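Peer 1: mind folding the following:
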Amino acid sequence: MESMKRHNHFAPLKRMSINVLLLAGSFLLVTCAGTAPEAPNGLTISEGFEDPLGFYDASPTFSWKLPAAGEQAAYEIEVTDADGATVWQSGRVNTSATVGVPYAGPELQSRQQLEWRVRYENPSGELSGWSESASVEYGLLTNEDWQGKWVGATTPAETTEFNLPFFRPQTLRKNFTIDGLPEQARLYITAKGVFRAQLNGQRIGNDEMTPGYTPYQHRIETLTYDVTDLLQVGENELTATLSEGWYAGRIGYTLPQWTNTDSPRLLAQLETDGQVLVVTDESWQTQPATPLTYSSIYDGEFYSELQPTEPPVPVIAEALEPTVMLRPKRHATVKIRKTLPTQNITSVKPGATIFDLGQNMVGVPHLRVPVKKGDTLWVRFAEMLDLDGDIFTKNYRSARSTDYYVAAEDGKIDWTPSFTFHGFRYVELSGYSPQATPAKGWVEGKVLYSDFSTAGTFTSSHSKLNQLQQNIEWGLRGNFLDIPTDCPQRDERLGWTGDAQVFAPTSLFLTSTHAFWASWLQSMREEQLPNGAIPFIIPNINVKRSSAGWGDAATIIPWEVYFRTGDTTVLRENYDMMRQWVGYYESKAKDHLVDFQSFGDWLQPYPANGNNRGDTPREFICTAYFARSTELCGRAARVLGRVEEAKQLDRLHQSIKTALRQAYFDEAGRITQDRATQTAYLLALGFDLLPEKLAPLAVNHLINEIELADGHLRTGFLGTPLLAPVLDRYGHAELAYKLLFRETYPSWFYSINQGATTMWERWNSYTLKDGFNPGGMNSFNHYAYGAIGQWMYERVAGIAPRAPGYREISFAPVINPPLTSAAATHESPYGHISSAWTVIDGHLDWEIIVPPNSTGFITIPKGYKADYQLIQIADDGSTVAGEATNSNEELRLTSGKYRVTSTLNK
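Peer 2: From the prediction side, this is the model:
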């Protein structure tokens with residue numbers, strides 16, 4: 001077992017000479033006699049869950065954080081059941097590990113309620129107090145736990161006046177009686193479709209679009225709710241409104257207009273004090289969910305108070321399918337996370353008013369509008385306005401994205417759609433009372449996305465860079481609605497794998513999306529084809545092909561999640577998928593070169609061939625990603641102790657690299673086949689595919705390609721994330737800065753100059769000169785180009801993981817004009833990390849926070865004097881200062897807060 005050694009709060013690496021002066025005593029924690037070290041905090045289970053209800057993982061891992069200045073040499077975990085009886089004790093375990101510690105007790109069961117706590121021993125042998133207890137309650141873990149049936153209406157699909165087929169939303173109902181109130185009641189529930197449940201007229205929970213989007217033919221996720229306080233003695237009524245959602249609604253851009261023919265179904269089980277009280281069966285009744293007439297993800301919602309109520313009828317009850325797993329939801333549900341008020345009102349045509357929320361968002365409107373009896377309120381949405389100031393909806397394609405409200409009486413409606421979502425900044429209202437004067441209070445936006453927490457922040461001295469950061473964040477929010485989607489507004493909204501793999505590192509810095517990605521990766525495993533291919537959309541919509549750069553999400557995302565969280569479980573769960581994907585490449589390879597389906601460097605600007613796939617040779621892209629996936633699979637094998645497999649994969653990786661170099665590069669590092677592109681050089685350099693002597697030569701050719709483009713990028717989805725990191729790595733950070741701050745097309749700031757509040761799908765989705773891009777794909781909320789965020793956080797602000805989970809952290813900002821300051825924070829598995837620097841008149845002031853149980857490595861920014869001062873800021877005000885002889889060397893820091901000051905070389 002590993003034990004933690006006592007260190008000075010900062011210590012030199014062997015290759016560095018440094019003198020340390022103790023100004024005011026040691027900063028090492030010395031516990032006074034009789035005083036125990038402060039207890040651990042921040043307890044989480046598996047992928048970061050805090051006190052989960054309806055938990056899924058019967059083989060969990062435990063994580064905790066140490067207090068400031070805490071050091072751990074050993075830990076002890078205690079797990080107890082609801083009665084306080086011990087379920088498992090780890091005993092004293094000699095290790096400094098505080099992340100992903102595996103449970104090793106008896107098998108855990110459905111419905112089981114547990115508490116756990118932890119304490120640690122420091123290197124001096126002093127034992128901390130116990131932490132506060134954390135709780136976990138399991139959901140129903142197997143199909144056998146369910147006693148009910150799938151129930152729903154027998155009505156066939158209907159057709160709207162707009163020729164859009166749909167299943168009418170339905171309300172299912174069950175009345176039951178209880179003689180006394182239970183101590184505990186749980187509702188286990190899910191749907192084929194999306195649902196909202198009520199008990200005695202009170203909504204259960206505040207989740208939206210539940211149970212979410214999974215490969216329904218393989219797995220449907222279930223929810224658990226505490227309904228103890230909603231029951232009443234005597235008569236009770238359990239109802240659920242059920243709509244088509246992803247399961248039964250139209251979904252997919254390549255399919256016919258509507259191909260899902262299975263009507264929605266509900267499955268529920270109410271238990272009180274451990275006994276099954278109610279299940280969905282033939283005794284339930286259903287009726288149309290009047291006044292809700294239809295609800296569609298793509299097309300919106302129709303709500304008519306004039307719709308007559310129809311009598312209830314018996315449900316159809318169907319047995320559970322043994323081939324479809326019912327499993328507790330393994331990541332956070334979608335919720336209303338923010339509310340945006342109207343910023344401005346305009347009107348360009350009679351009877352219609354446009355409400356500008358000031359931000360491209362995803363969600364639904366909340367309407368408070370005066371109406372007359374019989375009025376039909378039309379609610380339309382747009383991301384942009386056209387040149388006449390009217391809403392621009394062409395980019396929604398066939399998605400009508402329109403809500404309707406029919407009023408039954410005079411008055412003011414207060415309404416929010418229930419089972420749809422839209423991507424929009426602008427809301428157009430028409431059909432309201434002509435005597436009414438539109439007001440900002442009529443419309444506000446309810447922002448929907450998965451309920452993960454913020455993990456990272458970034459800010460700087462440059463307003464447009466800050467706007468870029470905001471655009472990245474809003475692009476993430478808009479496209480992390482239960483799954484990672486490409487776009488949230490048109491007739492698509494699908495889990496495109498290529499977009500996801502380039503953006504995953506940025507998302508993992510900004511948000512606590514560990515569980516979000518782990519859940520989607522399970523869907524990917526379930527959808528992998530028998531030959532190892534990964535469909536380019538997950539969940540799959542009947543796609544039988546894969547694409548290089550897209551299917552590689554199967555290797556890249558598991559590795560990124562592991563490296564940024566320290567969670568080896570994600571590698572264990574996904575290793576077979578990773579290896580099978582590499583095997584698929586092998587099956588397509590000829591002499592280690594691969595040429596098969598690829599979307600290429602998608603949406604590269606100025607393509608010579610005029611199509612969306614860019615100019616980088618397909619074989620080059622396929623082979624480069626073959627090498628990358630093989631390398632990452634080998635790394636994963638090594639982490640998991642599969643040594644022989646790792647060696648085999650290493651040999652394969654070397655063979656692929658050799659084949660690519662021989663096929664495409666001359667001895668001067670120049671690409672010789674087909675057309676050289678920025679992306680081709682970036683893939684070769686970013687994936688380390690060239691020999692050490694050849695790489696610097698290839699960098700020169702990359703720079704030449706940039707110069708030929710008049711100092712602009714010529715990269716699409718695959719090349720763009722590598723652009724700044726590669727230039728920076730090979731000593732051209734100034735050029736990376738120039739490209740980042742470029743304002744003319746194509747560039748990140750170009751869309752900002754056109755008023756963008758999210759990331760765009762295309763570099764030129766809209767231009768002041770040419771207007772809207774005429775292409776069929778023109779989303780104004782597409783996060784792929786937001787992958788630049790990773791470089792901003794790691795190299796502009798200066799926080800990068802150096803070891804899995806940020807156990808070791810690199811603090812090495814690149815400082816260049818026009819920035820005079822930048823700052824970032826990140827909540828790592830070990831605690832709070834911060835890096836904030838300011839330059840005034842050539843004087844650098846830089847503050848750093850290294851969390852407990854982590855080690856920081858700082859490098860003084862290029863151009864600043866090696867003779868710098870390092871001060872540790874402690875609670876008692878003591879300081880330690882030192883001088884480094886070489887600013888290019890690293891300084892090792894243990895947990896604490898530090899300040900670095902230096903001056904610019906002249």
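Peer 1: okay, the nearest residue in space to residue 264 that is not next to it in sequence: pLDDT?
Peer 2: In this structure, residue 264 finds its nearest non-sequential neighbour in residue 193, 3.1 Å apart by CB to CB, 6 or more residues apart in numbering. C-beta: built from backbone N, CA, C; applies to glycine. pLDDT for residue 193: 97.
Peer 1: ranges for the helices of this protein?
Peer 2: Secondary structure of the chain (DSSP state H): helices located at 245-248, 463-479, 497-510, 514-527, 553-565, 569-588, 618-639, 643-664, 678-686, 695-708, 720-729, 733-740, 748-753, 789-791.
Peer 1: of all those, which has the lowest average per-residue confidence?
Peer 2: Note on these: lowest mean pLDDT is at helix 245-248, with a mean of 94.
Peer 1: which strands or helices does that helix pack on?
Peer 2: In terms of contacts (3 or more CB pairs under 8 Å, 6 or more residues apart in numbering; DSSP states H and E), helix 245-248 is packed against strand 185-192, strand 194-199.
Peer 1: residue 633: which of those is closest?
Peer 2: In terms of CB to CB, the element of the helices and strands packed on helix 245-248 nearest to residue 633 is strand 185-192, at 34.3 Å.
Peer 1: show me the longest strand that occurs in this protein.
Peer 2: Longest strand in the chain, counting residues (DSSP state E): strand 352-371.
Peer 1: which positions in that strand come out as buried?
Peer 2: 352-357, 359-367, 369-371 (16 or more other CB atoms under 10 Å).
Peer 1: for stretch 221-233, same thing?
Peer 2: 221, 222, 223, 224, 225, 227, 230, 231.
Peer 1: tell me the one of those residues nearest residue 478?
Peer 2: Among the buried residues of stretch 221-233, and counting by CB to CB, the member closest to residue 478 is residue 221, at 21.9 Å.
Peer 1: please work out how many residues are found near residue 87.
Peer 2: Counted by other CB atoms under 10 Å, the residues lying close to residue 87 total 16.
Peer 1: next up, the contacts around it.
Peer 2: By CB atoms under 8 Å, 6 or more residues apart in numbering, the residues touching residue 87 are 79, 80, 81, 105, 106, 114.
Peer 1: go on, residue 604?
Peer 2: Residue 604 makes contact with 613, 614, 615, 616, 677, 679, 714, 715, 716, 719, according to CB under 8 Å, 6+ apart.
Peer 1: what do you get for residue 224?
Peer 2: For residue 224, the contacting residues are 53, 54, 137, 139, 140, 186, 187, 188, 328, by CB under 8 Å, 6+ apart.
Peer 1: doesn't residue 111 make contact with the fifth one?
Peer 2: Yes: applying CB atoms under 8 Å as the test, residue 140 and residue 111 come out as touching, 7.2 Å apart.
Peer 1: among the two, which residue is more densely surrounded?
Peer 2: Neighbour tally, residue 140 and residue 111, criterion other CB under 10 Å: the higher count belongs to residue 140, 23 against 16.
Peer 1: phi and psi next, for the more buried one.
Peer 2: The phi/psi pair for residue 140 (degrees, to the nearest 10) reads phi -90, psi 110.
Peer 1: residue 378 versus residue 410, what's the distance?
Peer 2: Separation of residue 410 from residue 378 (CB to CB, to the nearest Å): 19 Å.
Peer 1: ok, now which ones touch the closest residue to residue 705 other than its chain neighbours?
Peer 2: Leaving aside its chain neighbours, residue 705 sits nearest to residue 678 (4.8 Å; criterion: CB to CB, 6+ apart). By CB under 8 Å, 6+ apart, the contact set of residue 678 is 702, 705, 706, 709, 713, 714, 715, 719, 723.
Peer 1: on that earlier part again, nearest to residue 484, of the contacts of residue 604?
Peer 2: Proximity of these to residue 484 (CB to CB) peaks at residue 716, which lies at 18.5 Å.
Peer 1: surely that closest one touches residue 602?
Peer 2: Yes: between residue 716 and residue 602 a contact is recorded at 4.8 Å, counting by CB under 8 Å.
Peer 1: overlap in contacts of these two?
Peer 2: residue 614.
Peer 1: between those two, tell me which one has more neighbours.
Peer 2: The residue with more neighbours, out of residue 716 and residue 602, is residue 716; 29 against 24, by other CB under 10 Å.
Peer 1: for that one, give its distance to residue 807.
Peer 2: 35 Å.
Peer 1: ok, residue 792 touching residue 469?
Peer 2: Yes: at 7.1 Å, residue 792 counts as touching residue 469 under the criterion of CB under 8 Å.
Peer 1: need the residues touching each of those two.
Peer 2: Here residue 792 and residue 469 have residue 458 as joint contacts, going by CB under 8 Å, 6+ apart.
Peer 1: low-confidence bits of the stretch 801-906 of the chain, can you list those?
Peer 2: For the stretch 801-906 of the chain, the stretches with pLDDT under 70 are 875-888.
Peer 1: nearest to residue 536, out of the helices of the chain?
Peer 2: helix 497-510 (5.4 Å).
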